[in-house]
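Novice: Quick one, fold the following:
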Amino acid sequence: MNDSIDYPLPQGLHVIPKELLDMRSDAEIDHSILHPPPVTDEKNIWFFWHTGYASMHAYTKRNIRAWHRRLSKLGWTIRVLDRAPGSSSNISNFLNTSDPTTFPRAFTNCTISGRYAAQHASDLVRFPLLLRYGGAYADVGLLQIGDLDRLWRRTVADPRSPYEVLSYNLHGGLANYFMASRPRNPLFRRCHRLLLALWAEADSDGGGKTSTEGMSDSPLLAGVPLMSGSFTITEEDGRIVQAAEVRKMLSDYIIQGQAITLVMGLVDEEDGWDGPAYVAERVYGVDWMEGSQLINEFTGWDGRKAFELMSLALPKRGEAETAEQTQAREIVEACLRRSFGFKLAHGLIIRVYGCTLGSLWREHEGSDDVPGTYAHWLRYATNYWNQDELPAPLAFPVKEPLRRGPLLGGN
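Specialist: So this is what the prediction gives:
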């Protein structure tokens, strides 16, 4: 990153002192990410990219470097795990990939199938890493804006705090693209057990599932509603996928979220588990829309519009601001002031909306990193600035349970 550009510093943010940043070159930071030290404590930021950090798209590498620049000198280690043969960051060096209590057979045998196999492999490493080591798991497409270290120290890491989990509150559920806890968290332990059971249900050959297709119909998820929405999808062959089918597709795609929702809404007296009470008292959830999707709120989930606005150059000194520049500036300032992060959307969502800011940054390599643009202003801030205040949690009200009884016992 070019640290000599004079971008406007919005109110509510401050420049991070250089002694608290890793100011080395991108190449040197990449070397550190590719050669992390052994795990010695809970302050780990976990990412996963199946083929390894070196093969990641350039814009997601920039995301990871920003996490490292801001957090490494505060004691955090940024780790991008993979399944690349011979890699020191191979997941098998951190977890037993042959243990059926840790991973389903499809992960062990590398037989996960379907259009989103890579995403589902990523889903399966999140709970095991947090349960064994603690820290935070984040998608590689998540830009961090707010002060994660201070929030961690004031919540999960503070024995006086009631909070044991950090995430985003997504309509009363948790956004799996960012989750943080100490090891052996009771919510994530049950979520992991349920997710493994969903994958272990027999398929046609009796060997367990190899994809998430149809998983949302499992009796193990009895009581969990399908994902909401009134979207339709036009397939490449012209077929229209109607809203009911799309909701089913989304629920299968985000099956980890469905498992989390069940555990959050479960009361199992024999196990001593009251999900609604635990979530209301122990989970610090930042509002997902305000906290991680604000660009999409401004642009109505129009990825092309977001891309065009972020690609604009800021007005030069003495130039009047155009209407489009005003909108782009308002988006960047709002994100930097009000959002804890920004999740670049990929996967199934692209079939719903056609394109997203993330998919277009991937398609137009380097477009997110052009000095003098609004995209670069946002990037610059995620490297060198921090928010003065912590985000407020969006309360989880204590709700009626989705289900009562044992976790794997159905109704």
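Novice: now this protein, which segments are flagged as low pLDDT?
Specialist: Scanning the chain for pLDDT under 70 picks out 1-4, 204-206, 230, 233-238, 241, 410-411.
Novice: ok, now how distant is the residue of it most remote from its centre from residue 326?
Specialist: The C-alpha centroid of the chain is most remote from residue 318, which lies 40.0 Å away (C-alpha atoms, centre = their mean). According to C-beta to C-beta, to the nearest Å, residue 318 and residue 326 sit 16 Å apart. Every residue, glycine included, has its C-beta placed from N, CA and C.
Novice: same check, this time on residue 281
Specialist: 43 Å.
Novice: for residue 174, helix, strand, or coil?
Specialist: Classification of residue 174 using DSSP: H, G, I helix; E, B strand; the rest coil returns strand.
Novice: For it, which non-adjacent residue is closest in space?
Specialist: For residue 174, ignoring the flanking residues on the chain, the nearest one in space by C-beta to C-beta, 6 or more residues apart in numbering is residue 167 at 4.4 Å.
Novice: Could you tell me which residues make contact with the one you found?
Specialist: Neighbouring residues of residue 167 by C-beta atoms under 8 Å, 6 or more residues apart in numbering: 174-175, 178-180, 283-286.
Novice: Out of those, which comes closest to residue 66?
Specialist: Using C-beta to C-beta, residue 178 comes nearest to residue 66 of these, at 14.5 Å.
Novice: Next, give phi and psi for the closest one.
Specialist: With angles defined as degrees, to the nearest 10, residue 178 sits at phi -150, psi 120.
Novice: Confirm for me that it is in contact with residue 292.
Specialist: Yes. Applying C-beta atoms under 8 Å, one finds residue 178 in contact with residue 292, separated by 7.4 Å.
Novice: which neighbours do these two share?
Specialist: In terms of C-beta under 8 Å, 6+ apart, residue 178 and residue 292 are both contacted by the residues 142, 168, 341, 343.
Novice: contacting residues for the third one?
Specialist: Residue 341 makes contacts with 142-146, 178, 291-292, as judged by C-beta under 8 Å, 6+ apart.
Novice: would the residue farthest from the centre of the chain count as being in a strand?
Specialist: No. Counting by three-state DSSP, residue 318 is not part of a strand but coil.
Novice: Starting from the helix or strand residue 167 falls within, tell me which strands it pairs with and how they run.
Specialist: Taking DSSP states H and E as the definition, one finds residue 167 inside strand 165-170. The sheet places strand 165-170 alongside strand 173-181 (antiparallel), strand 283-287 (parallel), with pairing taken from DSSP bridges.
Novice: Show me the residue at the heart of this protein, geometrically.
Specialist: Most central in the chain under C-alpha atoms, centre = their mean is residue 177, positioned 1.7 Å from the mean C-alpha point.
Novice: what's the burial count for the closest residue to residue 314 other than its chain neighbours?
Specialist: For residue 314, ignoring the flanking residues on the chain, the nearest one in space by C-beta to C-beta, 6+ apart is residue 372 at 6.0 Å. Number of residues near residue 372 (other C-beta atoms under 10 Å) recorded here: 14.
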